[in-house]
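1. sequence? don't have it. structure:
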């Protein structure tokens, strides 16, 4: 019985050992296959690092100058030459980069419709006329990052410039690869980034598409903010014009009520005069009736009736005057309220225009 148990235990250990050896073999094989890749990660992919450094420098240049750098002359000093060329060397000196043993090749999107290497006024929001603007030196035709965003929009709408693998791109950079010799002339187009290496081609490519650069610059957000600010300014301008028209209407209505009150005062004055005349007439009739022959009660009665009519007219005109005075007071308050609203809308209008001007001036700045 003990011998059988020992044999069972020994057999079980052999199985475990076999499984452990198999697992160790698999893990070792995987580790051996991953060793070259891990060594590359630790040491860094030098061509790719150069391309990444170049891209960072180019996009930093964009934020400073609101355009892409022009190419440098091949074999030149490394400074950009902003003629009409779209291809050349990466302007490492202009970008503040060190000179690599083999300078990178560089291409930039340049067409008459959208020249991304030229800072030109392409975008300006239409703002309403207003005597108050801030900044004080606001210039609608200023050049900033929004103009580059507009150029990117124009290029995206009708691409006809730089291509990388047949795809329109804003700019592209090429590294000579491990053999340090460019395998293509790079005078018309670039291969697609990620193109596999072959025995005759090991250049490394980096390119940024038109939409990709626009997204990195937050063009959609910034241009949307500028457009929204401009629309808000026009809305405030229209509201102010309505408030101005309403203020003038209330002012006119107030002047009408003043005229009505003056007319009612004149009517009261005339009614008062008629009353005095009626009283005088009645007094004369009574005097004549007392001292003359032929003047009877009818004359006196008619004079008394005249006093009554004059009294009624005076009462009516007095009521009209009171109504006119109340209407004038109400119209005056309405006119004053309309003037206050107009003043507020004027402040809101100018504030909205100032904000739109400031948003346009800010461009892509935070």
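-> Perfect, thanks for sending it. Computed from a predicted model, the values in this text were never measured in an experiment.

2. Which of the three states applies to residue 269?
-> When classified by DSSP: H, G, I helix; E, B strand; the rest coil, residue 269 comes out as helix.

3. The top strand by length along the chain pairs with which strands, and in what direction?
-> For the chain, the longest strand by residue count, based on DSSP state E, is strand 167-175. Strand 167-175 pairs in its sheet with strand 105-108 (antiparallel), strand 163-164 (antiparallel), strand 204-209 (antiparallel), by DSSP bridges.

4. and these as CSV, adding mean pLDDT, mean neighbour count and distance to residue 123?
-> (C-beta placed from N, C-alpha, C; glycine too.) Putting the strands paired with strand 167-175 into CSV (pLDDT from 0 to 100; neighbours: other Cβ atoms under 10 Å; distance: least, Cβ to Cβ, whole Å) gives the following:
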stretch, mean pLDDT, mean neighbour count, distance to residue 123
strand 105-108, 97, 26, 20
strand 163-164, 90, 22, 25
strand 204-209, 95, 22, 20
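
5. In TSV: the ones you listed, plus distance to residue 114.
-> Shown next, in TSV, are those (distance: least, Cβ to Cβ, whole Å):
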stretch	distance to residue 114
strand 105-108	11
strand 163-164	14
strand 204-209	14
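
6. and residue 141, which of those is closest to it?
-> strand 105-108 (23.8 Å; Cβ to Cβ).

7. Which SSE is immediately downstream of the closest one?
-> Later in the chain than strand 105-108, the nearest helix or strand by DSSP states H and E is helix 145-157.

8. domains in the protein, as residue ranges please.
-> Domain assignment for the chain by automatic domain parsing gives 46-217, 235-362.

9. quick one on the thing from earlier: now the angle between helix 145-157 and the longest strand of the chain, please.
-> For strand 167-175 against helix 145-157, the angle by axes from the mean of the first three to the mean of the last three Cα atoms, to 10 degrees is 110 degrees.

10. List the buried residues in strand 167-175.
-> 167-175 (16 or more other Cβ atoms under 10 Å).

11. what's the closest of the strands paired with strand 167-175 to residue 129?
-> strand 105-108 (38.8 Å).

12. Quick one: classify the residue nearest in space to the middle of the chain as helix, strand or coil.
-> In the chain, the residue lying closest to the centroid (Cα atoms, centre = their mean) is residue 226, at 1.7 Å. Assigned state for residue 226: helix (three-state reduction, three-state DSSP).

13. can you pull the pLDDT of it?
-> At residue 226, the predicted lDDT confidence score is 94.

14. Tell me, how many residues neighbour residue 276?
-> 11 (other Cβ atoms under 10 Å).

15. Let me know the pLDDT of it.
-> You'll see residue 276 listed with a pLDDT of 85.

16. Then the one 4 residues further on?
-> Turning to residue 280, the model gives it a pLDDT of 77.

17. quick one: which two of the buried residues of strand 167-175 are the most distant?
-> Farthest pair in the buried residues of strand 167-175, by Cβ to Cβ: 168 and 175, 21.6 Å.

18. for this structure, what helix or strand is lowest in average pLDDT?
-> In the chain, the helix or strand scored least confidently by mean pLDDT, DSSP states H and E is helix 2-43, which has a mean of 46.

19. relative to helix 145-157, how tilted is the helix or strand just after that one?
-> The element immediately downstream of helix 2-43 (helix or strand, assigned by DSSP H and E) is helix 46-65. Counting by the same axes, to 10 degrees, helix 46-65 points 120 degrees away from the direction of helix 145-157.

20. for helix 46-65, which positions count as buried?
-> Neighbour-count burial for helix 46-65 [16+ other Cβ under 10 Å]: 47, 50-51, 53-55, 57-59, 61-62.

21. For the residues you listed, could you give me CSV that also reports pLDDT and distance to residue 344?
-> Below are the buried residues of helix 46-65 laid out as CSV (pLDDT from 0 to 100; distance: Cβ to Cβ, whole Å):
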residue, pLDDT, distance to residue 344
47, 91, 63
50, 94, 60
51, 95, 57
53, 95, 55
54, 96, 54
55, 96, 51
57, 97, 50
58, 97, 49
59, 93, 45
61, 96, 46
62, 95, 42
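
22. Could you tell me the least trusted of the domains of the chain?
-> domain 235-362 (a mean of 86).

23. Check the offset of it from the chain's centre.
-> Relative to its parent chain, domain 235-362 has a centroid offset of 51 Å by Cα atoms, centre = their mean, to the nearest Å.

24. quick revisit: wait, which of the buried residues of strand 167-175 is closest to residue 243?
-> residue 170 (46.5 Å).

25. Test my guess that that closest one contacts residue 114.
-> No. Counting by Cβ atoms under 8 Å, residue 170 does not reach residue 114; the two are 9.7 Å apart.

26. and for the two, which residues touch both?
-> Residues touching both residue 170 and residue 114 by Cβ atoms under 8 Å, 6 or more residues apart in numbering: 152, 155.

27. returning to that earlier point: turn the buried residues of strand 167-175 into a markdown table, including distance to residue 320.
-> Conversion of these to a markdown table gives the following (distance: Cβ to Cβ, whole Å):
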| residue | distance to residue 320 |
| --- | --- |
| 167 | 85 |
| 168 | 81 |
| 169 | 83 |
| 170 | 79 |
| 171 | 83 |
| 172 | 87 |
| 173 | 89 |
| 174 | 94 |
| 175 | 96 |
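
28. and which of these is nearest to residue 233?
-> Of all the buried residues of strand 167-175, residue 233 sits closest to residue 170, with 31.3 Å by Cβ to Cβ.

29. Name all residues that make contact with the closest one.
-> With Cβ under 8 Å, 6+ apart, residue 170 has these contacts: 68, 108-109, 116, 152, 155, 162, 208-210, 212-213.

30. Please repeat the previous calculation with a cut-off of 7 Å.
-> 68, 109, 116, 152, 208-210, 213 (Cβ atoms under 7 Å, 6 or more residues apart in numbering).
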